[in-house]
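> 3D model of this:
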Amino acid sequence: MARNVYDAPVKKGRGFAMLAVVGVAAVVLIGGVLAALGQQRTAAAERWTPQGPECPVWEGALPVSKSRPDLLSFDYAGVTLGRWFGHANCVELYKTALPGGGVYQACHFTGPDFVRVKVGEQETTYRPGVGKPTIVTIRDGVATCATDPRAAAPAKP
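Residues are numbered from 1 along each chain as shown. Down below sits the predicted model:
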């Protein structure tokens, strides 16, 4: 008489061992992915950190210019930014290497002369100067401006 494979004796404990092996492999895999993601986020934030001194704050009205009566303005992530000259390139960066840490914004200006940042009701005008590349960061509703010797924007994250 043929023997049915379902009649074979069951060895207890194999299911738990297999589950443990799969669980450990999943933890190692997820940990590796999070570590690689954290390194990418940290590297991007470092690339977008300004390497020069802070921009001086400009008090009062802008100088009169017939060629450019007002700043070239644009909105990015709920913030209004303006510049007199050059190009702008903006990105969102992560505050921490791990997921869930939040984001902040950074904008690179190639040579703005003046930069105006309006976050909510707070408006600040900076004067880094003509031809001085600048990075403006907005963290938790607070804008900062610093010059940066790199003429081109850092690589996007």
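> With adjacent residues omitted, what lies nearest to the residue nearest the centre of the chain?
Central residue of the chain (C-alpha atoms, centre = their mean): residue 93, 0.9 Å from the mean position. In this structure, residue 93 finds its nearest non-sequential neighbour in residue 45, 5.0 Å apart by C-beta to C-beta, 6 or more residues apart in numbering. Using the backbone N, CA and C atoms, a C-beta is placed for each residue, glycine as well.
> Figure out the helix or strand that the one you found lives in.
Under the criterion of DSSP states H and E, residue 45 resides in helix 14-47.
> I'd like the distance from that helix to the chain centre, please.
Remark: helix 14-47 is offset 22 Å from the chain centroid, using C-alpha atoms, centre = their mean, to the nearest Å.
> Repeat that for stretch 145-157.
Computed by C-alpha atoms, centre = their mean, the separation of stretch 145-157 from the middle of its chain amounts to 13 Å.
> swap in stretch 125-135?
That offset, for stretch 125-135, works out to 21 Å (C-alpha atoms, centre = their mean).
> again with stretch 121-140
Its chain's average C-alpha position is 17 Å from that of stretch 121-140, according to C-alpha atoms, centre = their mean.
> got it, and stretch 80-93?
Going by C-alpha atoms, centre = their mean, where stretch 80-93 is centred and where its chain is centred differ by 14 Å.
> and if you look at stretch 73-87?
Per C-alpha atoms, centre = their mean, the displacement of stretch 73-87 from the mean C-alpha position of its chain is 17 Å.
> Do I have it right that residue 106 meets residue 94?
No - under the criterion of C-beta atoms under 8 Å, residue 106 is not in contact with residue 94, lying 11.2 Å apart.
> Between the two, which is the more surrounded one?
Regarding residue 106 and residue 94, a neighbour count based on other C-beta atoms under 10 Å identifies residue 106 as having more, with 24 against 20.
> Each with direction, which strands does whatever helix or strand the more buried one lives in pair with?
Using DSSP H and E, residue 106 maps to strand 103-109. Partner strands for strand 103-109, per DSSP bridges, with pairing direction: strand 88-94 (antiparallel), strand 134-139 (antiparallel).
> Kindly calculate the angle that the lowest-mean-pLDDT helix or strand in the chain makes with strand 103-109.
Counting by mean pLDDT, DSSP states H and E, the weakest-scoring helix or strand in the chain turns out to be helix 14-47, with a mean of 73. Between helix 14-47 and strand 103-109, the angle comes out at 30 degrees (axes from the mean of the first three to the mean of the last three C-alpha atoms, to 10 degrees).
> Noted, bye for now.
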